[in-house]
Every structure is written in structure tokens, then in C-alpha cells.
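Participant: A predicted structure for the sequence below; I have some questions about it.
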Amino acid sequence: MSLRFDLAAHPGGRAYRLLAGLVVPRPIALVTTVDAAGRVNAAPFSFFNVMGAEPPIAVLAPADRDDGTPKDTAANLAATGECVIHLCDEPVAARMVECSRSLPPGQDETLRAGLAVRPAERVRPPVIVDCPVALEGRLLDVRRYGENRLVVIELLLAHVREGLADPETWKVDYSAYVPVGRLNSPDGYVRCTDRFRIPPPRE
């Protein structure tokens, strides 16, 4: 027996609470952008994932403020069209969460969170060197569905901490790469340390 939850009749807060708790674990993107004046913003998103490889794309869903104006990530992408998407492991998780603090526009969350940065190669936003993975990207498209903003990013260049991926095969070593994932809001997270394998079907 299952319970019914009418998502269409209860969009918004209730739907978010249920969906964000059920669709787990979700990867977390810590996204750096810059505004037109070059000021850095960093913000985490768990409504995020990669969605294709030809071209390589990712999708994230930056929200609006309570007054209806775009939050910094959405505003900066509209202004400059560039970002760096970072994946986080446990040593950086608390500083990633610190970047979710609501600050006035133009204030650099990486400074407040104590995150070291360096210039990216193909885009203006910086790379956070503390993160194990950084994906440089540029804006491809923005779509609105009701109150949802879906942003499509073309991924241009991946910076991967040495030892996490084989430079010849491009395969990831999960004994070394241990990202954190998102569970329920507001404070649920998961470690990717307990894994198992199931062989795919063979013809």
C-alpha cells in the first residue's frame, strides 16, 4: 500500500519538502560566478546534475529572492554567461554550506568561508582550489517553468585533483574521490563511502 501526495495541488513549499527528501542523494554544485563589475559570488545548489555529453552539459536551478528578484548566481549568469561548477568532499562541506548564507549582492562568499581560489582558464569566475573537482562552463540557455528557473551550462574544462581520475582512460577512482551528497532540507547530507556493484545485463 502506498500513500498519495498530490504534487500538482500543492506546489511550492510542501512539494519541495517531499521531493527534496525523496530524490536523494543529490550531487551538490558549489557555483562561482562574477557580476558585471567582476565581483565574485559562490553558492551551493542541490537541484543540479549533468545531463549530457555531446556537448557536455549541466543543469542547475537558481532561485529568486523573496522579493522576486534573481539571486546572485542567476543575475550573474545573465550578466556574464560564465561559471565554475565545483563538486565538494567532506573536508570542504562545512565551508560549502557557509556559502549558502544570504549576503548582500557583491559580497564574496569564498572570503567569508575561507575558500582559496585561483583564476580559471576559459571563464572569468575563479576556481575554488579546495574542491576536488571544478568544471568551467558557459551559459547555453535559461528556461522558466512557473517559479522554476532552469539554467543549462555547457561544460568546457574539468579540473580534477591529482589521483582522482586516470589521465589515460578518464576513469574515476572511487577509493580516492568521495563527494558528499544532499539529503533532506535544511541540514541532511550523506557520505559516498558505502558502495556496491551490480553487473549490467549481458546479451
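Facilitator: Cool, got the structure.
Participant: grab the nearest non-local neighbour of the residue nearest the centre of the chain.
Facilitator: With distances taken as Cα atoms, centre = their mean, the chain has A29 as the residue nearest its mean C-alpha position (1.6 Å). Distances taken as Cβ to Cβ, 6 or more residues apart in numbering place F48 nearest to A29, at 4.1 Å, with adjacent residues excluded. To be clear about C-beta, it is placed using only N, CA and C from the backbone, and glycine gets the same treatment.
Participant: residues contacting the one you found?
Facilitator: Contacts for F48 (Cβ atoms under 8 Å, 6 or more residues apart in numbering) come out as 26-29, 58-61, 85.
Participant: cool, F47 as well?
Facilitator: 26, 60-61.
Participant: who wins on neighbours among these?
Facilitator: When neighbours are taken as other Cβ atoms under 10 Å, the top entry among those is L60 (23 neighbours).
Participant: what are the boundaries of the strands in the protein?
Facilitator: 26-27, 29-34, 40-45, 48-53, 56-60, 82-87, 117-118, 127-128, 133-145, 148-160, 180-182, 189-191 (DSSP state E).
Participant: circling back to that earlier point, what's across from the residue nearest to the centre of the chain in the sheet?
Facilitator: A29 has these beta-bridge partners by DSSP bridges: F45, L87.
Participant: surely it meets C83?
Facilitator: No. In this structure, A29 is not within contact of C83 by Cβ atoms under 8 Å, at 9.1 Å.
Participant: buried residues in stretch 140-152, which are they?
Facilitator: Buried residues in stretch 140-152, counted by 16 or more other Cβ atoms under 10 Å: 149, 151-152.
Participant: out of those, which comes closest to D187?
Facilitator: Distances from D187 to these, taken as Cβ to Cβ, are shortest for R149 (24.4 Å).
Participant: please tell me how far that closest one sits from P55.
Facilitator: Distance from R149 to P55, counting by Cβ to Cβ, to the nearest Å: 21 Å.
Participant: how about R112?
Facilitator: In terms of Cβ to Cβ, R112 sits 34 Å off from P55.
Participant: among the two, which residue is more densely surrounded?
Facilitator: R112 (14 against 9).
Participant: give the contact list for the more buried one.
Facilitator: 98-99, 101, 103.
Participant: mind listing what's buried along stretch 5-17?
Facilitator: Buried residues in stretch 5-17 (16+ other Cβ under 10 Å): none.
Participant: for stretch 158-167, same thing?
Facilitator: In stretch 158-167, counting by 16+ other Cβ under 10 Å, buried: 159-160, 164-165.
Participant: same question, stretch 66-74
Facilitator: Buried, per 16+ other Cβ under 10 Å, within stretch 66-74: 70-74.
Participant: from the residues you listed, pick the one nearest R17.
Facilitator: Taking Cβ to Cβ as the measure, R17 lies nearest K71 of these, at 20.0 Å.
Participant: quick one: that closest one and A61 touch, right?
Facilitator: No. Contact criterion Cβ under 8 Å: K71 and A61 do not qualify, at 10.9 Å.
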